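J.: After the sequence you'll find the predicted model.
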Amino acid sequence: MLGLGACQESGPTRPVEPSRAESAAEAGGTAALIKAAKKEGRLNTIALPREWANYGGLIDGFEKKYGIKVVVDKPYDHSRQEIDAIRRYRGQKRAPDVVDVGDSFAQTAVRQNLLAPYRVAQFDQLPPEQKDAEARWYNNYGGYISIGCDAARVRTCPESFADLLQPEYKGLVAMHGDPTDAGSAFAAVYAAALANGGSFDNIRPGIDFFARLDKSGNYSRADPSPAAIAKGRTPISIEWDYLNLQHIDQLRGTRVKWKVSIPFDGSFSQYYAQAINKDAPHPAAARLWEEYLFSPEGQNLRLVDYARPVLMAVMAKNGTLDKALAARLPTVEGTPQFPTEAQLNKALRTVRENWAKAVGS
């Protein structure tokens, strides 16, 4: 009897429910996870515009591959609203299963115990600075803050943050969202800080820069969407390079001549985190979605819209990277540096405490 008991304990463990599975293996293997996800038949997402980092292609690919309907709620919300939605709809069928947020917002969600630990197949290949050690979030794609400009409307396009203060850009300079709740805008403030004597430990010079930009009349609150750019409302845009580069494709055939530069005085790179709602109404589909995003297929689809997949270096080595798509990305000098969790949290707190007072909403 003792021998039989020992044998049973050393054998394979029984699969757990998808809502408690911390890997595909714990859910019974990939095939079992796929079966469970197909049975659920639905994935709730939020704040995923089809034109952002090729979410259109990713959603279409996931639906075609697995026959699971992807529902996108409020596609143009920002990171802060995604975390709010997890809390607001907890226990409801409409709650988001997964979120795509800036790192600082992912860390906020961790502190609020909102996220489920789950290790995708490629988890060990992710750089340490691009993931939570307990797998409650992990970065999937990213880029560099850049300056986009319509050369058909602007005589001399700016190439640095210092240039943006020139009087000829009055009312022309926009950015994507508000830095208190949008990861792209928060990163723009961080980049402006680096360009003006700040550091990862000191984002205040970035706030001061935008206060000067606003006081000069150059800062515009209009959202730099392709439609706004085409109408001439936002001829200069501070955004991630993959968004600005995509505008070239989106506006081809119009009068817009969109140019993109990465400011040499404030080079800042950041990636976006994926995470699973701890109380996801479709836990198997949520976990399968993460596996898809980190697979070679999912990572190469990011490149279609110029986003840099987090596993790009790994895929270049193992031969799974789409070299033609990767070759279209702009070359950036040096190795990107990233703020630590403590630095990000301090910076976000500083922005939230001071932005409205210094710049306004």
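T.: Now that the structure is in, tell me what you want to look at.
J.: measure the residue lying closest to residue 216 once chain neighbours are set aside to residue 215 for me?
T.: Nearest residue to residue 216 in three dimensions, chain neighbours excluded: residue 165, at 6.1 Å (Cβ to Cβ, 6 or more residues apart in numbering). The C-beta positions use only the backbone N, C-alpha and C, and glycine is treated the same way. As judged by Cβ to Cβ, to the nearest Å, residue 165 and residue 215 stand 10 Å apart.
J.: between those two, which one's more packed in?
T.: residue 165 (16 against 12; other Cβ atoms under 10 Å).
J.: ok, that one touching residue 218?
T.: Yes: taking contacts as Cβ atoms under 8 Å, residue 165 lies within contact range of residue 218: 6.7 Å.
J.: residue ranges of the strands in the stretch 51-200 of the chain, please?
T.: Secondary structure of the stretch 51-200 of the chain (DSSP state E, counting those that start in this stretch): strands located at 69-73, 98-102, 115-116, 138-150, 173-175.
J.: Just the terminal-to-terminal distance for stretch 322-330.
T.: 16 Å (Cα to Cα, to the nearest Å).
J.: got it, and stretch 312-328?
T.: One end of stretch 312-328 to the other measures 13 Å (Cα to Cα).
J.: What are the boundaries of the helices in the stretch 51-200 of the chain?
T.: For the stretch 51-200 of the chain, applying DSSP state H, counting those that start in this stretch gives helices covering 55-66, 79-88, 103-111, 183-195.
J.: Pick the most buried one from the ones you listed.
T.: helix 183-195 (a mean of 26; mean count of other Cβ atoms under 10 Å).
J.: so for that helix, what's the average pLDDT?
T.: Helix 183-195 comes out with an average pLDDT of 94.
J.: Restricting to C-alpha, output the next helix or strand after it in PDB.
T.: For helix 183-195, the following helix or strand on the C-terminal side (DSSP states H and E) is helix 204-215. Provided in PDB are the C-alpha atoms of helix 204-215 (Å, rounded to 0.1, in the frame of the first residue of the first chain):
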ATOM      1  CA  ARG A 204       9.100  66.600 -13.600                       C
ATOM      2  CA  PRO A 205      11.000  68.300 -16.400                       C
ATOM      3  CA  GLY A 206       8.700  66.600 -18.800                       C
ATOM      4  CA  ILE A 207       5.700  68.100 -17.100                       C
ATOM      5  CA  ASP A 208       7.400  71.500 -17.200                       C
ATOM      6  CA  PHE A 209       8.100  71.100 -20.900                       C
ATOM      7  CA  PHE A 210       4.500  70.500 -21.700                       C
ATOM      8  CA  ALA A 211       3.500  73.400 -19.500                       C
ATOM      9  CA  ARG A 212       5.800  75.600 -21.600                       C
ATOM     10  CA  LEU A 213       4.500  74.100 -24.800                       C
ATOM     11  CA  ASP A 214       0.900  74.900 -23.600                       C
ATOM     12  CA  LYS A 215       1.800  78.400 -22.500                       C
END
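J.: who touches the helix or strand where residue 288 lies?
T.: In the assignment (DSSP H and E), residue 288 maps to helix 283-294. With contact meaning Cβ atoms under 8 Å, 6 or more residues apart in numbering, helix 283-294 is reached by 17-19, 21, 24, 27, 30, 33-34, 36-37, 39-43, 45, 58, 61-62, 65-66, 68, 97-98, 116, 118, 120-122, 138, 140, 274, 276-277, 280, 298-299, 311.
J.: Pull out the buried members of those residues.
T.: Taking 16 or more other Cβ atoms under 10 Å as the criterion, what is buried in the contacts of helix 283-294 is 18-19, 21, 24, 27, 33-34, 36-37, 40, 43, 45, 58, 61-62, 66, 68, 97-98, 116, 118, 120, 122, 138, 140, 274, 276-277, 280, 298-299, 311.
J.: Domain ranges for this protein, per the record?
T.: Split into domains by automatic domain parsing, the chain comes to 27-142+271-326, 143-269+337-358.
J.: Determine how far stretch 240-254 lies from the middle of the whole chain.
T.: Chain-centre distance of stretch 240-254: 18 Å, with Cα atoms, centre = their mean, to the nearest Å.
J.: Then stretch 33-48?
T.: 20 Å.
J.: Straight-line length of it, end to end?
T.: Stretch 33-48 end-to-end distance (Cα to Cα) = 24 Å.
J.: Could you give the average pLDDT over it?
T.: Mean predicted confidence for stretch 33-48 is 98.
J.: what's the next secondary structure element after the worst-scoring helix or strand of the chain on mean pLDDT?
T.: When each helix and strand of the chain is scored by mean pLDDT, DSSP states H and E, helix 2-10 comes last, with a mean of 36. On the C-terminal side of helix 2-10, the closest following helix or strand by DSSP H and E is helix 30-40.
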